[in-house]
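Asker: Give me the fold of what follows.
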Amino acid sequence: MQASLAQRSSAGWGNGLLGVIIFSGSLPATRVAVGGFEPFFLTSTRAVIAALLAAGFLGLMRQPLPKRQDLTSLAVVALGVVIGFPLLSSLALQQMTAAQSLVLMGLLPLSTAIFAVVRGGERPKPLFWVFSGVGSLAVATFALLQNGEGSLLGSLYMFGAIIVCGLGYAEGATLSRKLGGWQVISWALVLALPVMLIASITSLPAEFPPITSKAWVGLAYVSIFSMMVGFIFWYRGLAIGGAAGVGQLMLLQPFFGLMLAALLLQESISSMMIAATVVVVGCVVGAKKYV
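Answerer: Predicted coordinates:
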């Protein structure tokens, strides 16, 4: 029995870690993709590609249609993680580097926890808010000290992206108890398909500029892995290993993402970025302890 539990725990952490690694490549890939595609077209097209894959997967697995009372929650998930986060992060990455955006992403677990309080009625201990306040101050200080035109606007876009994504994660976590984790993201993608298909067609440029192979790879990555495959591993990990433990792996995302931005995009990683990331992750870990 103990060996079986240990194996399930290891499988949960392994799947969760794969999900986090896949998500960590999202912002660097988006940074590459917006070099060739306009943000609105990129956001809608990646959602259309992912939705078609999700529809095929749902059909293959013969999943029942969601109930009418679940459609509102699915719409919230779609607005948060299918539309809102991809669009706002794409706009942000026209103003800042992937490395800078990844530091701000350290607030995503905190954003999710806040919406869990609002949507799920959880009541964290007072020390939770101490850690969250220090973490927020570290992120705000980092954003204000950035140099370069447009960095403040990019930070505002990223803050918006983190807020809507946190809402989408919290709503999806609640709904996944009824529908299952991968089913939630799949149905959210399918629900958003008509709107995103129209948006993709209307935002289609009259003439594409020369698009590099890197931009095409970035589009493929965010469409297939960031919006579909990553969620399959992530939610499987949460289901097998437990959301409380495996969910903390999300805190590793800024570190993985910074390494990918340095390796793949040759972006410089400043000591301030590393320090801000360490402080933010440390604060979120502390806050998580006192939820």
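
Asker: for the chain, what are the low-confidence residue spans?
Answerer: 1-9, 120, 122, 143-144, 146-150, 238-239, 241-247, 291 (pLDDT under 70).

Asker: go again using 50 as the cut-off
Answerer: Flagging of the chain using pLDDT under 50 yields the residue ranges 149.

Asker: Can you name the element that comes right after the longest helix seen in it?
Answerer: Counting by DSSP state H, the longest helix found in the chain is helix 151-179. As assigned by DSSP states H and E, the chain's next helix or strand after helix 151-179 is helix 181-202.

Asker: so how far is the helix or strand just after that next one off the chain centroid?
Answerer: Using DSSP H and E, the helix or strand that follows helix 181-202 in sequence is helix 213-220. Centroid separation for helix 213-220 versus its chain: 19 Å, with C-alpha atoms, centre = their mean, to the nearest Å.

Asker: buried stuff in helix 213-220?
Answerer: Within helix 213-220, the residues scored as buried using 16 or more other C-beta atoms under 10 Å are 215, 218-219. In short, each C-beta sits where N, CA and C put it, glycine included.

Asker: Spatially, and excluding backbone neighbours, which residue is closest to residue 209.
Answerer: The shortest distance from residue 209 to any non-neighbouring residue, by C-beta to C-beta, 6 or more residues apart in numbering, is to residue 36 (7.2 Å).

Asker: wait, I meant residue 96
Answerer: Residue 96's closest residue in space is residue 154 (C-beta to C-beta, 6+ apart), at 3.6 Å.

Asker: now the helices: where do they sit in the stretch 1-150 of the chain?
Answerer: Assigned by DSSP state H, counting those that start in this stretch, the helices in the stretch 1-150 of the chain fall at 2-24, 26-33, 39-60, 71-77, 85-92, 98-104, 108-120, 126-145.

Asker: Could I get those helices in TSV, plus columns for distance to residue 190?
Answerer: TSV is the format used below for these (distance: least, C-beta to C-beta, whole Å):
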stretch	distance to residue 190
helix 2-24	21
helix 26-33	21
helix 39-60	5
helix 71-77	9
helix 85-92	16
helix 98-104	28
helix 108-120	22
helix 126-145	34
